[in-house]
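1. Please find the sequence and the predicted model below.
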Amino acid sequence: MGEIVLSVAASHAPGLAGLYDGAPEETKAEVDKMYGTMAAEIAAADLDVLILIGNDHLANSRVLEYPDFLVGMAAEHHGPYEWYQEWLNCRDYTLQGRPDVAEALIAGMARRDIKFFGRRSNLFYDDNLSIPTVLCDLDTNAVPVVPVLTNCNVPPVPDQRQCYAVGQALGDLIRNDLPDGMRVGLFGSGGMSHEPGGKRYFFIDEEFDHWFLDMLEADDHERLLDEATPERMEESGAGGTAELYAWFVVLGAIGSRPCSRLGYTAYDNFKCGVGAVRWQMGN
Amino acid sequence: MAFEGFDATLVTHDLVQDLKWDPELRARFEVDPTPVLDGYAFRPEERAAIDAADFRALYDMGLHPYLGSQLARLMYGNAAGPEATKAVNRLVASLTGEDRPDNATAT
């Protein structure tokens, strides 16, 4: 049986790379603290695989044929995809994949009546994988990664309860289907409040973001499932804040666990609330 | 709701995806958009809205906002910093009907 030995979640706003230099010093310090902490803990976890549940921003599929969950099955993941390079302004990277784990996820979720799509060729990665990679040094630390990209904004979107249930199945799969002793990390990549492409493009709902982080630290999954509805997400940033449903996959996989916020910052030009959390795993 | 009027069949969605995924097509679009746009079976009002960079009209027809933001970057510039900031502000100005400086970095 595999073991989830590390669980974190964080925003992946593209400005964290391309607009970082122009940000206020206190914002930079908060970003450095959050992602630096995650980088150190991921590096120290001696992971066999990091399953990164992040949002697909219409980068890989047409809206007429959109998967809710898409697994990157490649032996190596290269990014950022060409069109996003100048937009992100981050380094190019190559990550080691785990095609065997990717195949186990697709087959195992199907046995649990959940459809995970997969692609053997390199997926097109934007900020979803690129920001955690370069800010947490996943490439330079040779962390093997299996990306699972979620549908966060092509209706109908899997909501908080669906994503939590997918997470519960994922946790069961990790514990029962993956090889004995496999050390697994989970990374929820997306959010927090933002409205990409909308009238309120620069809007950040700090009150919502802090409420969400408070709920995680309170370890109150039931209240989160009751209150983090699609309507609430839309109020806090149409088409963007629901990226946080990627974090619900992690929540479902690990169940009740102590959670700590690693930091938070709201800088207008990032156009996104930026926060990060870590769950305590093990005994 | 952001997606109340979303219409997945709008051809503009295919245009944006093709321009992202096909660097050669994108290069031709940057030199002269007209022949590239002529290759798509847009509804007449859809083509008129693209030609006028009228994002409000495109959203009303059902354009996905995230692809709307990417269409703005394809039109006005994609690089982090002033180019992408200009694209954001032109998009927001079209959606709200309010004038915005190209270099605004807040609401």
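-> Alright, I've got the coordinates. Keep in mind it's a predicted model, so treat the numbers as computed, not measured.

2. And the helices in the stretch 101-250 of chain A, which stretches?
-> Under the criterion DSSP state H, counting those that start in this stretch, the stretch 101-250 of chain A contains helices at A:127-135, A:160-176, A:206-217, A:221-227, A:230-235, A:245-254.

3. Which one of these lies nearest to B:Glu46?
-> Nearest to B:Glu46 among those is helix A:230-235; the distance by Cβ to Cβ comes to 25.5 Å. For every residue, glycine as well, the C-beta is placed using N, CA and C.

4. Flag every buried residue along the lengthiest helix in chain B.
-> Longest helix in chain B by number of residues (criterion: DSSP state H): helix B:82-96. By 16 or more other Cβ atoms under 10 Å in any protein chain shown, the buried positions in helix B:82-96 come out as B:83-95.

5. coming back round to it: can you put the helices of the stretch 101-250 of chain A in CSV and add distance to B:Phe3, mean neighbour count and mean pLDDT?
-> Converted to CSV, the helices of the stretch 101-250 of chain A look like this (distance: least, Cβ to Cβ, whole Å; neighbours: other Cβ atoms under 10 Å in any protein chain shown; pLDDT from 0 to 100):
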stretch, distance to B:Phe3, mean neighbour count, mean pLDDT
helix A:127-135, 20, 27, 98
helix A:160-176, 17, 20, 98
helix A:206-217, 19, 18, 98
helix A:221-227, 21, 14, 96
helix A:230-235, 9, 17, 96
helix A:245-254, 15, 26, 98
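
6. that older thread, chain A next: which of the buried residues of helix B:82-96 are close?
-> Filtering the buried residues of helix B:82-96 for proximity to chain A by Cβ under 8 Å from any Cβ of the partner chain leaves B:84-85, B:88, B:91-92, B:95.

7. where does the chain dip in pLDDT?
-> Defaulting to chain A. A:283 (pLDDT under 70).

8. try again with chain B
-> B:1-2.

9. Would you point out which residue of it is nearest chain A?
-> Closest approach between chain B and chain A, counting by Cβ to the nearest Cβ: B:Ala80, at 2.7 Å.

10. Now do the SS call for A:Val5.
-> Three-state call for A:Val5 (DSSP: H, G, I helix; E, B strand; the rest coil): strand.

11. Tell me the residues of the stretch 1-150 of chain A that contact chain B?
-> By Cβ under 8 Å from any Cβ, the residues of the stretch 1-150 of chain A that approach chain B are A:14-15, A:17-19, A:22, A:57-59, A:62-64, A:82-83, A:86-89, A:124.

12. just checking, which of those residues belong to strands?
-> If you go by DSSP state E, the residues of the stretch 1-150 of chain A next to chain B have nothing in strands.

13. Skip the chain neighbours and tell me the closest residue to the most centrally placed residue in chain B.
-> Ranked by distance to the mean C-alpha position of chain B (Cα atoms, centre = their mean), the top residue is B:Leu71 at 2.8 Å. Nearest non-adjacent residue to B:Leu71, counting by Cβ to Cβ, 6 or more residues apart in numbering or on different chains: B:Val16, 5.1 Å away.
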